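Participant: Sharing a sequence plus its predicted fold:
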Amino acid sequence: MYYEMEPSIWLRLILVLCIFGVVLFFFNFMIRKLLKVERKKFFSYNHINSTHKKIDWTIRILIIVCMFVGLSINVQNDFSEGYWFLETYFLLFLFIVLSEIVTAFMEWKYAENKNAYLFTIFQLLFIVAFLLLMFASDFLGLIKS
């Protein structure tokens, strides 16, 4: 299956991603205020302790290894015969979910503010819902087959 992409698709895709970013920002802001949780640093690892750091890096390394293995296996197969669970989009989705679940568990178990894990769970649910909506709707009809 080949998708033809017209030039305006990039503008629409960027618009959808910007809107998602703004909505996610306000969602996080409201949930943080509601749960009285401090803001995390942007693009930082925010490890709770050394155990969390080790588990997180183990997940990262395993996902990267799975991506290389998946690429080498799926390249040898026909496009329609590839393994969906070795595709990059699925492995990235799995990484986000696993990483955030581990973070939520560590926050629940070890964080000073016990509401931090609730914030992480709400944020994960919001992101998963968005990603599922995007894939189920072909990015809201932006990608036409």
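Facilitator: Structure received. Residues are numbered from 1 along each chain as shown.
Participant: Return the residues in contact with Y110.
Facilitator: Residues counted as contacts of Y110 (CB atoms under 8 Å, 6 or more residues apart in numbering) are 48-49, 52. Backbone N, C-alpha and C define where each C-beta goes, glycine included.
Participant: Go again with 6 Å.
Facilitator: 48-49 (CB atoms under 6 Å, 6 or more residues apart in numbering).
Participant: From E81, how far out is it?
Facilitator: The spacing between Y110 and E81, counted by CB to CB, to the nearest Å, is 45 Å.
Participant: All the strands of this structure, in order from the start?
Facilitator: Using DSSP state E, no strands are assigned anywhere in the chain.
Participant: Pick out the residue nearest the middle of it.
Facilitator: Nearest residue to the geometric centre of the chain (CA atoms, centre = their mean): I96, 3.9 Å.
Participant: Return the per-residue confidence for it.
Facilitator: On pLDDT, I96 comes in at 93.
Participant: can you give me the helices in the chain?
Facilitator: 7-35, 50-76, 88-110, 116-136, 138-141 (DSSP state H).
Participant: Poorly predicted segments of this structure, please.
Facilitator: Applying pLDDT under 70 to the chain flags the ranges 1-7, 42-44, 79, 142-145.
Participant: before we move on, back to that, with distance to K41 added, can I get the helices of the chain in TSV?
Facilitator: TSV is the format used below for these (distance: least, CB to CB, whole Å):
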stretch	distance to K41
helix 7-35	13
helix 50-76	15
helix 88-110	13
helix 116-136	14
helix 138-141	29
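Participant: And the residue nearest to A116 when sequence neighbours are not counted, how close does it get to W10?
Facilitator: Excluding the flanking residues, the one nearest A116 by CB to CB, 6 or more residues apart in numbering is E107, at 4.2 Å. Using CB to CB, one gets 37 Å for the distance from E107 to W10.
Participant: So those two - more neighbours on which side?
Facilitator: E107 (23 against 11; other CB atoms under 10 Å).
Participant: Next, the contact list for the more buried one, please.
Facilitator: Counting by CB under 6 Å, 6+ apart, E107 has contacts 116-117, 120.
Participant: and of the residues you listed, the nearest to R60?
Facilitator: T120 (17.2 Å; CB to CB).
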